[in-house]
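*Asks:* output the structure for:
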Amino acid sequence: MARYDDIEMLELRAADDLLGAKVLLDSSHELPALIGFHLQQFVEKKMKISLQKRDIDYPKTHDLSMLLELFPQENINEDDEIFAQILSQFAVNTRYGECIELPWDGQEMLEKAKEFVEKMETLWESS
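*Replies:* This next block holds a predicted model:
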């Protein structure tokens, strides 16, 4: 199982990924795969931070669906599962040349990623 020694550093890296996505969105270039990659990395790191703060071991993976299974399930819905599946595609596929289009407008995808992270954090409060 994976663990990070320095959660604060992981928080900084997550913030960097979110900033990277924002910078790319503001760019005059169309780089949907890179935007998706940085949003996936942001969500993945925030999910791992949330799990680790609660002393929950998690596998070394980029699969957000696999991480999602470790969260309280009462308020996870099909839209959450679909979002995790879609975003997970950007973790590995885009590194090796596959160009994946964003399923939503870039700004909407950014907002969905932030909302997803917020929801994952609130799941602990309601369990």
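*Asks:* SS state for the residue most central in space within the chain?
*Replies:* Central residue of the chain (CA atoms, centre = their mean): residue 43, 1.8 Å from the mean position. Of the three states, residue 43 takes helix under DSSP: H, G, I helix; E, B strand; the rest coil.
*Asks:* quick one, what contacts the nearest residue to it once chain neighbours are set aside?
*Replies:* Spatially, and ignoring its direct neighbours in sequence, residue 43 is nearest to residue 113 (5.4 Å; CB to CB, 6 or more residues apart in numbering). No exception for glycine: its C-beta is placed from N, CA and C like everyone else's. Contacts for residue 113 (CB atoms under 8 Å, 6 or more residues apart in numbering) come out as 18, 21, 39, 42-43, 87.
*Asks:* quick one: the residue nearest to the centre of the chain from residue 25, how far?
*Replies:* Going from residue 43 to residue 25 by CB to CB, to the nearest Å gives 16 Å.
*Asks:* can you give me the neighbour number for the closest residue to residue 20 other than its chain neighbours?
*Replies:* Excluding the flanking residues, the one nearest residue 20 by CB to CB, 6+ apart is residue 38, at 4.2 Å. Here the number of neighbours of residue 38 (other CB atoms under 10 Å) works out to 24.
*Asks:* what's the pLDDT at residue 38?
*Replies:* Looking at residue 38, its pLDDT stands at 95.
*Asks:* please export the C-alpha coordinates of whatever helix or strand it lives in as CSV.
*Replies:* Element membership for residue 38 (DSSP states H and E) is helix 32-53. The C-alpha coordinates for helix 32-53 follow below in CSV (Å, rounded to 0.1, in the frame of the first residue of the first chain):
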residue,chain,number,x,y,z
PRO,A,32,-7.3,19.4,-23.7
ALA,A,33,-5.1,16.3,-22.9
LEU,A,34,-2.8,18.3,-20.7
ILE,A,35,-5.7,20.0,-18.9
GLY,A,36,-7.3,16.6,-18.2
PHE,A,37,-4.0,15.2,-17.0
HIS,A,38,-3.4,18.0,-14.5
LEU,A,39,-7.0,17.8,-13.3
GLN,A,40,-6.7,14.0,-12.9
GLN,A,41,-3.5,14.5,-10.9
PHE,A,42,-5.1,17.2,-8.7
VAL,A,43,-8.1,14.9,-7.9
GLU,A,44,-5.9,11.8,-7.3
LYS,A,45,-3.6,13.6,-4.9
LYS,A,46,-6.5,15.2,-3.0
MET,A,47,-8.2,11.8,-2.7
LYS,A,48,-5.0,10.1,-1.4
ILE,A,49,-4.5,13.0,1.1
SER,A,50,-8.0,12.5,2.4
LEU,A,51,-7.5,8.7,2.8
GLN,A,52,-4.1,9.1,4.4
LYS,A,53,-5.4,11.7,6.9
